[in-house]
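Trainee: Next one to model:
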Amino acid sequence: MASVASNPSSSKLQQNTAAERRKKLLLGELPPDFLRLALPVAPAGVQQVVARAAVPVVITDPALAAQHNLIQAQHAFYSFVPPNTRGRISITVVEAKLAKNYGIIRMDPYCRIRVGNAVFETQVHAKGGKAPRWDYIMNAYLPHGVESIYLQIYDERAFTVDECIAWAHIVLPNGVFNGEIIDDWYQLSGQQGDGKEGAVNLVVSFSPVEATPTTVTNVQQSQQQNAPPPVLFTEEEVNELHVMFPSIDISVIRCILEEKRGNKDATVSALLEMTSDQ
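Mentor: From the prediction side, this is the model:
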């Protein structure tokens, strides 16, 4: 059976033909719109409007997103000042040194602070035990007449109600209102006794707010429309409640009465809740 041998001359002819085809190709730079979709050409004025249009920015980094939210919250906080405001107070709850660890395992402490009618809570220091650290910064408006803050330290429980293990009525130092930054330790009270439950480290600063200018025209009419109803309680009632709850600072009682609009029953319930936590 005869085998068919490949012809070397024919393969050489095919290579020459391919080389000639490559020479006929046009080589050069591609146009800028190569393999791009053709877009309709808008007028010059429309192009400027589109260029100036705001483009939404999506922040994917959690740290940057948290910082962005914090800046927005601070801007909203400082853009409005409620009435009867003495100034802005900043309190940094740094850490605490507690006298006793209540429980079999190490405690999970967190701190709750009342400034006037506002209540703030720090994050929980898991397994913080007798030396919790928070480094929590809170900003609040300080009403007129409020000279102290009320602080409580709780142990977070998984299956039962959180236990209040320490508390303190802290009178704001006079130096704070003179522009000083006070970094000090304050004694805590609890089951061990008054001032025997340890101490908490706070950094306190204060900045007064200037009174916003008001227009002279139609002052009486605007006051009649926007003035809140008067607070229906007297100093005798404040002193009476202070006799009933001597462990609670009188300024705290006054703030709760203002919050409850002079309702003594609601105020007594709130004070009972505070003393039951102790």
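
Trainee: For Gln191, give me its contacts.
Mentor: Residues in contact with Gln191 (Cβ atoms under 8 Å, 6 or more residues apart in numbering) are Lys100, Tyr102, Ile165, Glu197. Glycine gets a C-beta too; all of them are placed from N, C-alpha and C.

Trainee: run the last query once more with 7 Å
Mentor: If a contact means Cβ atoms under 7 Å, 6 or more residues apart in numbering, then Gln191 has no contacts.

Trainee: Could you do Tyr110 as well?
Mentor: Counting by Cβ under 7 Å, 6+ apart, Tyr110 has contacts Glu121, Thr122, Gln123, Val124, His125, Tyr154, Glu156.

Trainee: ok, 6 Å please
Mentor: Thr122, Val124, Tyr154 (Cβ atoms under 6 Å, 6 or more residues apart in numbering).

Trainee: ok, now how distant is His242 from Gly193?
Mentor: From His242 across to Gly193, the span is 22 Å (Cβ to Cβ, to the nearest Å).

Trainee: same thing with Arg88?
Mentor: Arg88 sits 35 Å away from Gly193, taking Cβ to Cβ as the criterion.

Trainee: quick one: which of these two has more around it?
Mentor: Using other Cβ atoms under 10 Å, the more surrounded residue of Arg88 and Gly193 is Arg88, with 17 against 9.

Trainee: Kindly list the main-chain dihedrals of that one?
Mentor: Backbone torsions of Arg88, given as degrees, to the nearest 10, read phi -100, psi 130.

Trainee: and if you look at the one 4 residues further on?
Mentor: Reported as degrees, to the nearest 10, the phi and psi values for Thr92 are phi -110, psi 120.

Trainee: so how many other residues sit close to it?
Mentor: Thr92 is flanked by 16 other residues according to other Cβ under 10 Å.

Trainee: For it, which non-adjacent residue is spatially closest?
Mentor: Val203 (4.0 Å; Cβ to Cβ, 6 or more residues apart in numbering).

Trainee: In this structure that neighbour contacts Asp184, no?
Mentor: No. The criterion here is Cβ atoms under 6 Å, and Val203 misses it with Asp184 at 8.3 Å.

Trainee: quick one: which of those two has more around it?
Mentor: Under the criterion of other Cβ under 10 Å, the comparison of Val203 against Asp184 puts Val203 first, with 15 against 12.

Trainee: Kindly list the single helix or strand of this structure that scores lowest on mean pLDDT.
Mentor: Every helix and strand of the chain was ranked by mean pLDDT, DSSP states H and E. The lowest is helix 44-52, at a mean of 48.

Trainee: Tell me, what's the model's pLDDT at Thr275?
Mentor: For Thr275, the pLDDT comes out at 73.
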